[in-house]
Structure formats: C-alpha cells, structure tokens
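# how would this look folded up:
(2 chains)
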Number of protein chains: 2
Amino acid sequence: MQKTFELLAIDRHSKARCGRLTSAHGEIDTPVFMPVGTQGSVKGVSPRELRELRAQIVLGNTYHLFVRPGLDVIKHFGGLHNFMNWSGPILTDSGGYQIFSLAKLRKITEEGVEFQNHIDGARAFISPEVVMEIQLLLGSDITMALDECVPYPCKYDYAAQSAEMTTRWARRCREWKRRNCETAKRGFVDSMLFGIVQGATFEELRKESAQAIVDLDFDGYAIGGVSVGEPEEEMMRAVEWAEPILPANKPRYAMGLGTPPQLLELIARGVDMFDCVLPTRLARNGTAFTATGTVNLKNAEFILDKNPIEENCACEACREFSRGYIRHLIKTEEILGLRLITLHNLHFYLTLMNQSRAEIEKGTFDQFRKAFVTEYKTRDAVTVE
Amino acid sequence: MQKTFELLAIDRHSKARCGRLTSAHGEIDTPVFMPVGTQGSVKGVSPRELRELRAQIVLGNTYHLFVRPGLDVIKHFGGLHNFMNWSGPILTDSGGYQIFSLAKLRKITEEGVEFQNHIDGARAFISPEVVMEIQLLLGSDITMALDECVPYPCKYDYAAQSAEMTTRWARRCREWKRRNCETAKRGFVDSMLFGIVQGATFEELRKESAQAIVDLDFDGYAIGGVSVGEPEEEMMRAVEWAEPILPANKPRYAMGLGTPPQLLELIARGVDMFDCVLPTRLARNGTAFTATGTVNLKNAEFILDKNPIEENCACEACREFSRGYIRHLIKTEEILGLRLITLHNLHFYLTLMNQSRAEIEKGTFDQFRKAFVTEYKTRDAVTVE
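Below is the predicted model of the structure:
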C-alpha cells in the first residue's frame, strides 16, 4: 500500500518529472535532494534545523552505523529514526560503497565481502542478505541492494563480471526481503527496496545491467558507479544509457551526485532523487553555493562585506549574518561558521529542488535549467578562488 | 541615566543579593552568568540559541577581537553587537589577562604593555587609554579597566607593586573615559566602566586594592586575579577580604569563575556577576553538568542509556535526545554532539542563576545553596570518571 510512486508532471522539453513517493515516514516530493547523515547526524545540523529547512528525507550510511555505534545499539534504541530523533523518511545505502573504498582490507567473493573496518580493524562479513537485515534493523524507509561499485577507470571484463554479480546480489536482496518481510512475519517497518544499475562507462554493460535489474522488479532504481572520479560526460552518459530502460512509474536515484548544474542536467535526463556530501563537506572548508557559483568565504575580499552570502536568500545564515562575520568565524575556526554555511548550502540545494519542481509543473523547466547552468558557469569561469 | 544598579532583595542568612543592572542594550537580572564569546561567538552556539536560552549578556574578549578580525573590521560593521548579530548587553574584558597569559612576548611598564600576538606575532602596544578606546569602539555595554593579573603563587612585593600599578591604570581608564565619553563628544554608546581589585593571596593587599579602586568610583567592581590556579579557599578568601569594602549599591563581578558550587558560594559572599568557559569548554570534551556533578558522556556506561543528560531538564538537548545518542555523536566527533552538550551546560548555568534569584527573593537561598553543594559533591565523590 505505502510503496507507491505517483508521477505528477512531466516536462515537455526534457525527461524531467515531478513525482511523489509515499514512505512509511511520510511523503517525498521529487525531484528531491537528500542531505547526508553519514553517522546518524547531518554534519553540523540538528534534526530541528533539518525540519526548518524542510528537508524531506535524510540518508544514513549503513557501513558507518554498523561500525559505530553498532547494530545492537541502534536496535536497543528502536531503530535509526528514534536514535537520531528524526521522524521523517530515511534512506540507507547498502554499505558496499564505503566498504570498497574505505575499509582497510576487503575480500570480495560471490558470497559477499569480508572486511576490516577503519576504526578498530575488527573483521566483519557482509552479504546481500546481511545488508538487508542491517537496513531493516535500522528501520530505513528506503533500503538499497548490495552492489559492487567499480572504480574509474575500469576494464571492460572486470566491469562486465562485476555488473553480473551485482545483478545476482540484487536478486538475493530481493529474495531475502520477500522471504522475511513481505509476509510481515518479522515485524519490520514497511520499507522500499531499490536496485542499483552498474556497468561502469560501457554502454552495452549499462543497458544490460539496467534491463537485468528492472527484470527483478524493485520499488525504485538507482544508477550507481557514478561520482567515482569520471568526467562529467561519462556520468551523464551512464544515466542516458540506463534511463530509457527504467520504468517511468518508479523513482530513479543518481547516487552521490552532484554539483547544482549537474543536478539540473540529471533532472532533465529523468532522475528524481539525489544525495551528495558537497553542501555539507564544502561548508566545512568555508565554501558556499550561490546562483553564480561557489564562493570561498575565507577569501580576503569578504573581510568588510556586509552583504549576506546570497542576496534574497531566505536561510537563517543569510537572514541574520554578513559574509564578513561568517568569514571571521571560519578564519578563527569557530563552529558557528561552518554551521551557518552548512545551513545555507543545504537550503540552496533544497531550494533548487523546490524550484525545479515548480518549473516542471509550469512547463518551464528547460529554460530554468539553461539559465541556471549558464549563470552558474559564468561565475565559475571568471572567479579565481 | 542608564548606568543604574538596583538592589531588589538581600538574603537574611548570607550576603547573597538580587539586583537589576540597566545597560544600553537591556536589563540584566543578577546574580547573572555571562556566556563567554571569546572571538565574537559563544563557541558552538548561535545568537538565536542564546536568546532561546535566555542568556542576558555575553562576554567578548578584547584581546582576541583585537587580533582577529581587528578593530577596523568591527568598527566598519558598527561595533560588536552588529558584527555578531547580538542585540543584548555585552561585557568586554580589558585584554590584559590574555596578553599576560597568551601572547608570545610582553613587556610591562608603567605606561602599558607591549606584546606580540599569538597568531602572526605582530607587535602592538596597549595602555589603559588604548583598552578604553578599543572597548568603546567595540561598543561594549560594560567595559573593564586594564589590570595586571598576577600569577599564582606570587611573591608579596611583586603583588603589592602590581596592585598599586593596577590602581594607577584604573585611574587612567576612569580619566580617559571621563574626558572622552561623559561629555558625549565622541558619540560612543553609553557604557559602564568596572574597576578591578587585585592583591593576589594577601589580605592586606586585597583590602588596600579594594579601597583604592572604590575610591576611584566605578560603575561596578570586579575581583580579579582569581581562577589563576589557586586553591578554592584562596579564591573565597580573596572575595571575602574585598567584599565588605565594595559599595552595596554597585554590582560585583568575580572574573573567570567557576564551578556550579563555587558560583553559589560566591553568591553567598555577595557576588553578582560571573563568566566562565567551563560550560562551553567541557562540553567539547563530552562533559555535561548535572545537579549531582559532572558526567563524561564518552563513558561506556552511557552506550545504551535512553535517558536525557538530566531528568526534567528543559533544554533542547534533554527534551529531544538520549545520553546514548549524544555519546555516539561525541565518540564519532560529530559537531552536533558538542552543540547539544554546550546547550545543556549553558542552560544548567543560566538556570542555576535563575534558581538562585528565586531562592534569594523567597529568603531560602541558604538552604538551597547547602543542599545543592552537598548533592553535587556527593556525586563527585562516588563517581569514577
């Protein structure tokens, strides 16, 4: 019943769509940006501030939560929602991406992945079945199948074998969930399961992977293996190859992306959901997003600047503080500085999604996208940072 | 007109008092705790949160603001209130304490202090006249005279000479302000000037210093040279020696103090105003204040603890989050962790002052103080942290 995605509007000039995804913890209007709460907290931001920002859903990282505080702790607290005091929807990844990229030692076999974590080196083993059980213990509204995210660049043969294994792992996730949840025996919260398309930079593999994953019938479809260091054209192509194969009545999620112009370009290519650490990570370095590009508030040009980060921005940082003051906070390493830029950057990303939905509904998304991308790139080209 | 202190209630069993200090930026009910905003920000907390905590006044550190962002910047922004977006009262210290304890090189003469700052080693010179001008440029509601804060322990002869110089410096501050402000020629905001009693651990010197400073007629009186590593008994004695000499109709401020029981003991000895970095500094290490003593939330005992930091505490951290979750945030170095403990600790200190005022007005402060100190110390004695 609750696992529904409703398409509300489709752009006439692009593949952009507006939709509404209904989860156990509330509705999500798409296109949507999901702030990243790696370790059970969106860095620097409280749940109350997330509500004030009107964030609709946050992302949790299964690997990080598995390592700290550990599943027993989160189970004791009744799931991740209760633990972090966030009553809205939560999407968790499978943990695969972090295990492949962060963990000290890892050994991949058909059965799963053995690894040592980056904190105390403790050994652990995950499989498609294990990551499903973990995500359901976390209480995620949207769970992700275990996939292997291959690095860039990647040889064809390895990418082909890996994508096939990802499909077999996706099938095992699907089957585990069917056995354990859909009969409602285990008492898990109603959750969605998304499959992940892989295939590296190869058209044939991307299309085969998309078809194989779609054949397994998931609640939504993610495009993985992007945002791994590839050129932007490769990223766009990966989406363009998979998208026509993905069913229109299911949400599409481009994992780990991206810059503001990339988000609009991906919306135009039919993507509905995004997550990205850029707004929170760059904030900690003093970098703020604006309609004309990023600005680094550490720069001396802002010392005497009485203007807000961005004119007419409605976020708390822009309503109450000057660039000059925020620069001072960043230079003196005062925590309030990164807090304020984080609030602004998340507001920027969330507002960009609100605007996109409104423009799609009005039928003017394509002009909006072109104007935004041009303005944003112009600034990048003329500003030395 | 605005430089008034009104005594509202005096305890029958101790020297505790309730009062109201009227500053250019609003009224301050005493006893009062002033959160420390060293570099133009109370660490980890926004001005909005300070308002929600009902902080009545914040402290700014002249030395730190002088070094970064510098006076030209704060002048450009129209003073510290505007710069940091805090519309309530501000007290600034003279900068002397930091210069004597932090700055790389310093040379003290009768004229003033030459020093190199701790950031870029730039040379600067401050004198009683310079610190007055700086504090008035900052727009402080309460300015402090320049004093020499001698270390602990300190030889009698040095302490005697130093206290006499502090008196001469206090007179120069008083005279500079009279020349430059009270004729309203310079357009400074109406501000108060407090003199500082020194004299190290010597009864004779403390009393002489108090009398000499009182003879100069300030808007309020601070007891300095405490919280410099001396035993608690020495701290209490320094206050007890000076207090009978200080006029009852002016506020008294014990600089840089202290623990919650110390605050109550000092209130009982006639002190009205406090500032201390403990609630903010200890929070960053995971330490929270409770009625039964401090707890370090890093401890493993809190891993599965679903209780708030303190039962029945009305702060945001206790209303919304468990000890177990806050422990996880501290262990994983998530900023939200120190934010939440900082909010709790400031709430604890501010509430302790609210309770003290209420108990003084009811005539039950002495019982309240004894019960609090006993309960607090009991816990300290039995808890291994």
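# Can you name the residues that contact residue A:271?
A:31, A:223, A:239, A:243, A:252, A:253, A:254 (C-beta atoms under 8 Å, 6 or more residues apart in numbering or on different chains). Backbone N, C-alpha and C define where each C-beta goes, glycine included.
# And residue A:266, how close does it get to chain B?
Using C-beta to the nearest C-beta, to the nearest Å, we find residue A:266 at a distance of 29 Å from chain B.
# Over to the closest residue in space to that residue that isn't next to it in sequence: give its phi and psi.
Distance criterion C-beta to C-beta, 6 or more residues apart in numbering or on different chains; nearest residue to residue A:266, sequence neighbours excluded, is residue A:254 at 5.2 Å. As for residue A:254, its main-chain torsions (degrees, to the nearest 10) stand at phi -90, psi 110.
# and what of residue A:26?
Phi and psi for residue A:26, reported as degrees, to the nearest 10, are phi 130, psi 170.
# you'd agree it is up against residue A:90?
No: between residue A:26 and residue A:90 there is no contact under C-beta atoms under 8 Å: 10.4 Å.
# which residues sit in contact with the residue of the stretch 51-200 of chain A found nearest chain B?
Going by C-beta to the nearest C-beta, chain B is nearest to residue A:69 of the stretch 51-200 of chain A, at 4.5 Å. Going by C-beta under 8 Å, 6+ apart, residue A:69 touches A:40, A:83, B:303, B:324, B:328, B:331.
# and with 6 Å instead?
By C-beta atoms under 6 Å, 6 or more residues apart in numbering or on different chains, the contact set of residue A:69 is residue B:328.
# now it, what's its secondary structure?
Under the three-state scheme (DSSP: H, G, I helix; E, B strand; the rest coil), residue A:69 adopts coil.
# Which single one of the contacts of residue A:271 is nearest to chain B?
Sorting the contacts of residue A:271 by how near they are to chain B, with C-beta to the nearest C-beta, puts residue A:253 at the top with 25.0 Å.
# Is it correct that the closest one falls within a helix?
No: remark: residue A:253 does not belong to a helix; assigned using three-state DSSP, it is strand.
# The residue nearest to it when sequence neighbours are not counted: neighbouring residues, count only.
Among residues not flanking residue A:253 along the chain, residue A:273 sits closest, at 3.8 Å (C-beta to C-beta, 6+ apart). Close neighbours of residue A:273, defined as other C-beta atoms under 10 Å in any protein chain shown, add up to 27.
# Same question for residue A:363.
Residue A:363 has 13 nearby residues by other C-beta under 10 Å.
# now swap in the one 3 residues further on and tell me
Neighbours of residue A:366 under the rule other C-beta under 10 Å: 17.
# Same question for residue A:269.
For residue A:269, the count of nearby residues is 19 (other C-beta under 10 Å).
# In contact with residue A:37, which residues are there?
Residue A:37 neighbours (C-beta under 6 Å, 6+ apart): A:58, A:60.
# Pop out the phi and psi values for it.
Here residue A:37 shows phi and psi, under degrees, to the nearest 10, equal to phi -110, psi 70.
# so how far is residue A:92 from it?
Look at residue A:37 and residue A:92: by C-beta to C-beta, to the nearest Å, they are 10 Å apart.
# got it, and residue A:145?
12 Å.
# how far away is residue A:244 from residue A:32?
22 Å.
# Among those two, which residue is more densely surrounded?
Legend: neighbour count by other C-beta under 10 Å for residue A:244 and residue A:32, higher for residue A:32 (25 against 11).
# quick one: contacts for the more buried one?
Contacts for residue A:32 (C-beta under 6 Å, 6+ apart) come out as A:56, A:273, A:353.
# hang on, the earlier thing: and residue A:145 and residue A:92? Which one has more around it.
Neighbours per residue, other C-beta under 10 Å: of residue A:145 and residue A:92, the larger number sits with residue A:145, 29 against 26.
# Does that one touch residue A:195 like I think?
Yes: assessed by C-beta atoms under 6 Å, residue A:145 is found in contact with residue A:195 at 5.1 Å.
# residues of the one helix or strand residue A:157 maps to that come out buried?
Under the criterion of DSSP states H and E, residue A:157 resides in helix A:156-180. Of the residues in helix A:156-180, A:159-160, A:162-167, A:169-174, A:176-177, A:180 count as buried by neighbour count, 16 or more other C-beta atoms under 10 Å in any protein chain shown.
# now, which of the contacts of residue A:271 sits nearest residue B:9?
Residue B:9 lies nearest to residue A:31 out of the contacts of residue A:271, by C-beta to C-beta, at 60.7 Å.
# For the stretch 151-300 of chain A, list the residues in contact with chain B, please.
For the stretch 151-300 of chain A, no residue is in contact with chain B (C-beta under 6 Å from any C-beta of the partner chain).
# switch the cut-off to 10 Å
Residues of the stretch 151-300 of chain A lying near chain B by C-beta under 10 Å from any C-beta of the partner chain: residue A:284.
# if I pick residue A:324, what's in contact with it?
The neighbours of residue A:324, taking C-beta atoms under 10 Å, 6 or more residues apart in numbering or on different chains as the test, are A:297, A:302-307, B:69, B:73-74, B:76-77, B:83.
# Provide the secondary structure category for the nearest residue to it once chain neighbours are set aside.
Spatial nearest neighbour of residue A:324, chain neighbours left out: residue A:305 (4.8 Å); criterion: C-beta to C-beta, 6+ apart. Per three-state DSSP, the local secondary structure of residue A:305 is coil.
# for residue A:305, what are its contacts?
By C-beta under 10 Å, 6+ apart, the contact list for residue A:305 reads A:297, A:299, A:322, A:323, A:324, A:325, A:326, A:327, B:76, B:77.
# Against residue A:341, how distant is the first one?
If you measure residue A:297 against residue A:341 using C-beta to C-beta, the figure is 7 Å.
# which non-adjacent residue is nearest the residue of chain A positioned farthest from its centre?
Each residue of chain A has a distance to the centre, and by C-alpha atoms, centre = their mean the biggest one is for residue A:304: 36.1 Å. Computed as C-beta to C-beta, 6+ apart, the closest residue to residue A:304 that is not its neighbour in sequence is residue B:76, at 5.1 Å.
# What are the boundaries of the helices in the stretch 201-350 of chain A?
Taking DSSP state H, counting those that start in this stretch to define them, one finds helices in the stretch 201-350 of chain A at A:203-215, A:232-242, A:260-268, A:278-284, A:316-320, A:323-331, A:335-362.
# Next, the buried residues of the longest one.
When neighbours are counted by 16+ other C-beta under 10 Å, the buried residues of helix A:335-362 are found to be A:335-353, A:356-357, A:359-360.
# Filter the contacts of residue A:305 down to the buried ones and hand me the ChimeraX line.
Selecting only the buried entries of the contacts of residue A:305 in ChimeraX, with 16+ other C-beta under 10 Å as the criterion:
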select /A:297,322,323,324,325,326,327 /B:76,77
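# so what's the residue nearest to residue A:315 when sequence neighbours are not counted up against?
Distances taken as C-beta to C-beta, 6+ apart place residue A:347 nearest to residue A:315, at 3.7 Å, with adjacent residues excluded. Taking C-beta under 10 Å, 6+ apart, we find residue A:347 in contact with A:49, A:52-55, A:279, A:289, A:309-310, A:313-318.
# Now list the buried members of those.
A:49, A:53, A:55, A:279, A:289, A:309, A:310, A:313, A:315, A:316, A:317, A:318.
# and residue A:369, how far is that from residue B:85?
From residue A:369 to residue B:85 the distance is 35 Å (C-beta to C-beta).
# neighbour count winner among those two?
Between residue A:369 and residue B:85, counting by other C-beta under 10 Å, residue A:369 is the more crowded of the two (23 against 16).
# Go ahead and confirm the more buried one touches residue A:375.
No: counting by C-beta atoms under 10 Å, residue A:369 does not reach residue A:375; the two are 11.0 Å apart.
# Identify the contacts common to these two.
residue A:261.
# Among the contacts of residue A:271, find me the one that's closest to residue A:122.
Set against residue A:122, the nearest of the contacts of residue A:271 by C-beta to C-beta is residue A:253 (30.6 Å).
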